[in-house]
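In: need a structure here:
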Amino acid sequence: MPCNSGTLATYIPTTQNPWNKNRVQHFYRRLGFGATDANIASALALTPSTFVENKINDVINLGVSTPTSWESMTYGEYTDPDNEIPLQHQELFINFEHDMISQSLRGRFTLFWSNHFVTRLEDYWCPSWMHNYYKTLQQYAFGNFKEFVRAIGVTPAMIVFLNSYENTATSPNENYARELYELFTLGVNNNYTQTDIVETAKALTGYTGYTEYCAPITFNSNDFDTGSKTIFGQTGNWGYDDVIDILFQERASEIANYICGKLYAYFISPEIDTAIVSQLAITFITNNFELTPVYKQLFKSEHFFDNEAIGVAIKSPYDMFNAFVNESISNIDDDFLLNIIWYNGEIGQEMFGPIDVAGWQGNHDWINSSTLVGRWQLIEWYLWRIWDTNREALRTFAVSLAGTSTDPFEIAKIIVDHLLPNGLQTLADYVIARDVLKDQVPQNYYDNNLWNLQWDSAPYQVLVLLFHISKLPEFQLK
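Out: Take a look at the predicted model:
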């Protein structure tokens, strides 16, 4: 059972549960990728409810990313596709990574929905199709879920990935019909039958209008099954739009509980509180499957900001790196980000390449003996980059948190608590962190209050403390 006892009532700060830096960081670590000092300061100047309202409205008003010059290119327009196509993929990868770092809520929800409506770039390998899929995720991530389902199923990326282009009246393909129910709307074995899948596949036939690689894929009436189909007890000559309408009419409760459960597991805790999910599902249905009212109810709630909700989920590779950039020192450029994108794929989170059609399962699946070492090495690599290119940034970072303090214990604790969601468990753990920060500076300099963060050795001392923190188990949590 989850330990979180908060309700969906709007969180109102109290002496016992104050609106503070830790809760702001919790919001940004879950709905974004870490908070900058400016993020924290602006949040604390508002009530929690107003802050959450504004952040969600901001991303809605932000809209979709700026179009690319190649978003509609077909294969015949390339002069050197073997080189041009990978470069265009890289351009979108970098845009996505920048979104996660600097437009963090849009990046977070795009990532979440890409792991729900899964496709794999390697299966369709086309920049314009990838961009169309990405734009659809951004467009509907805060919109109407029914229309989201309707739109995503006819993106070329999905049509190719789940073989809808092979689904014809004479040779039906059930792949998309099955995943539409099993993964995208209802959940495994949740009030649908094999007959529903077979009949739905017939209704989804015809999206075979393929003229050229990377061109739009359109509906071809010659491949559509015009016979009668019975889906969830409803009989007629149903087509694509009818399937979506019937699904949401006949299985509203199942859809709402399944989607709200996924939101809960991802944004709150892997240990699902079914009572909370049921209440969210009512909100979802009442608002005709608009996502934003569900988001606002959940993320403004005392349940979301409950102490027991903080630091209970394991970071994904992008969580770990992007939050570290935002919460410590930003030292990135596009070439470096390409390396990060590649490296994150090596440790389990390949951009536009979830592990299978069900997506990354997350939490404990992110960590094993190999990926854990890879995580340590990624942060170490990034810190050495900072050391080699701008080591004074290490001092600036420490001073921004600890000010003029000369107490190594206090400085170490402030930095630790800034980067870990619940700090460390024991005084002994903080003493170890202090000793790491003290490094090779003789003890008498501390005893006589001679040392401070302006010493020449301070940047290196901060560096080794950050190495230490990045290897702590608590660093892997958000």
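
In: which SS state does residue 357 fall under?
Out: Under DSSP: H, G, I helix; E, B strand; the rest coil, residue 357 falls in the coil class.

In: quick one: the nearest residue to it once chain neighbours are set aside and residue 39, what's the gap?
Out: Residue nearest to residue 357 in three dimensions, not counting chain neighbours: residue 118, with 5.3 Å by C-beta to C-beta, 6 or more residues apart in numbering. The way it works is simple: take the backbone N, C-alpha and C, and place the C-beta from them, glycine included. Distance, residue 118 to residue 39, by C-beta to C-beta, to the nearest Å: 30 Å.

In: Neighbour count: the two, which is higher?
Out: residue 118 (23 against 19; other C-beta atoms under 10 Å).

In: quick one: the more buried one and residue 173, what's the gap?
Out: Residue 118 is 17 Å from residue 173, by C-beta to C-beta.

In: Would you mind putting the CA coordinates of stretch 191-204 into PDB?
Out: Extracted C-alpha coordinates of stretch 191-204, given in PDB (Å, rounded to 0.1, in the frame of the first residue of the first chain):
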ATOM      1  CA  ASN A 191     -13.200  -5.600 -21.100                       C
ATOM      2  CA  TYR A 192     -12.500  -6.300 -24.800                       C
ATOM      3  CA  THR A 193     -12.400  -9.600 -26.700                       C
ATOM      4  CA  GLN A 194     -10.500 -11.100 -29.500                       C
ATOM      5  CA  THR A 195     -13.600 -10.600 -31.600                       C
ATOM      6  CA  ASP A 196     -13.600  -6.900 -30.800                       C
ATOM      7  CA  ILE A 197     -10.000  -6.800 -32.000                       C
ATOM      8  CA  VAL A 198     -10.800  -8.700 -35.300                       C
ATOM      9  CA  GLU A 199     -13.800  -6.500 -36.000                       C
ATOM     10  CA  THR A 200     -11.900  -3.300 -35.100                       C
ATOM     11  CA  ALA A 201      -9.100  -4.300 -37.500                       C
ATOM     12  CA  LYS A 202     -11.700  -4.400 -40.300                       C
ATOM     13  CA  ALA A 203     -13.000  -1.000 -39.400                       C
ATOM     14  CA  LEU A 204      -9.400   0.400 -39.400                       C
END
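
In: in it, what's buried?
Out: Going by neighbour count (16 or more other C-beta atoms under 10 Å), the buried part of stretch 191-204 is 192, 196-204.

In: Let's have the residues you listed in JSON lines, adding secondary structure and pLDDT.
Out: JSON lines is the format used below for the buried residues of stretch 191-204 (DSSP: H, G, I helix; E, B strand; the rest coil; pLDDT from 0 to 100):
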{"residue": "192", "secondary structure": "coil", "pLDDT": "98"}
{"residue": "196", "secondary structure": "helix", "pLDDT": "98"}
{"residue": "197", "secondary structure": "helix", "pLDDT": "98"}
{"residue": "198", "secondary structure": "helix", "pLDDT": "98"}
{"residue": "199", "secondary structure": "helix", "pLDDT": "98"}
{"residue": "200", "secondary structure": "helix", "pLDDT": "98"}
{"residue": "201", "secondary structure": "helix", "pLDDT": "98"}
{"residue": "202", "secondary structure": "helix", "pLDDT": "98"}
{"residue": "203", "secondary structure": "helix", "pLDDT": "98"}
{"residue": "204", "secondary structure": "coil", "pLDDT": "98"}
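
In: Rebuild those residues as CSV, extending it with distance to residue 84.
Out: Formatted as CSV, the buried residues of stretch 191-204 follow (distance: C-beta to C-beta, whole Å):
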residue, distance to residue 84
192, 43
196, 43
197, 39
198, 42
199, 43
200, 38
201, 36
202, 39
203, 38
204, 33
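
In: ok, those residues vs residue 14, which is closest?
Out: residue 192 (45.3 Å; C-beta to C-beta).

In: ok, the closest residue to the closest one other than its chain neighbours - contacts?
Out: In space, and not counting its chain neighbours, residue 192 is closest to residue 181: 4.7 Å by C-beta to C-beta, 6+ apart. Residue 181 makes contacts with 190, 192, 196-197, 200, 247, as judged by C-beta atoms under 8 Å, 6 or more residues apart in numbering.

In: Now distance to residue 475 too, for these, in JSON lines please.
Out: Output for the contacts of residue 181, formatted as JSON lines (distance: C-beta to C-beta, whole Å):
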{"residue": "190", "distance to residue 475": "37"}
{"residue": "192", "distance to residue 475": "42"}
{"residue": "196", "distance to residue 475": "46"}
{"residue": "197", "distance to residue 475": "44"}
{"residue": "200", "distance to residue 475": "45"}
{"residue": "247", "distance to residue 475": "42"}
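
In: Would you point out the most distant pair within the residues you listed?
Out: Using C-beta to C-beta, the pair of those lying farthest apart is 190 and 200, separated by 14.6 Å.

In: Stretch 297-317: which residues count as buried?
Out: 297-307, 309-317.

In: scratch that, stretch 281-301 is what I was asking about
Out: In stretch 281-301, counting by 16+ other C-beta under 10 Å, buried: 281, 283-285, 289-292, 294-301.

In: just those residues now: which is nearest residue 4?
Out: Ranked by distance to residue 4 (C-beta to C-beta), the buried residues of stretch 281-301 are led by residue 301 at 10.3 Å.

In: The chain: strands as residue ranges?
Out: 209-210, 217-218, 229-231, 234-236 (DSSP state E).

In: partner strands of the second one, parallel or antiparallel?
Out: Based on DSSP bridges, the pairing partners of strand 217-218 within the sheet are strand 209-210 (antiparallel).

In: Touching the lowest-mean-pLDDT helix or strand in the chain from outside, list them.
Out: Ranked by mean pLDDT, DSSP states H and E, the helix or strand of the chain with the weakest confidence is strand 209-210, at a mean of 93. Residues from elsewhere that reach strand 209-210 (C-beta under 8 Å, 6+ apart): 165, 216-220.

In: next one: that strand to chain centre, how far?
Out: 33 Å (C-alpha atoms, centre = their mean, to the nearest Å).

In: Stretch 425-442: which residues count as buried?
Out: For stretch 425-442, the neighbour count (16+ other C-beta under 10 Å) marks 430, 433-434, 436-438, 441 as buried.

In: Would you tell me which one of the residues you listed comes nearest to residue 150?
Out: Distances from residue 150 to those, taken by C-beta to C-beta, are shortest for residue 433, at 52.1 Å.

In: pLDDT wise, what is the closest one at?
Out: Looking at residue 433, its pLDDT is 98.

In: and what of the one 3 residues further on?
Out: At residue 436 the predicted local distance difference test score is 98.

In: can you count the residues close to the closest residue to it other than its chain neighbours?
Out: Excluding the flanking residues, the one nearest residue 436 by C-beta to C-beta, 6+ apart is residue 468, at 4.4 Å. Neighbour count for residue 468, taken as other C-beta under 10 Å: 17.

In: what residues are up against residue 468?
Out: 432-433, 436.
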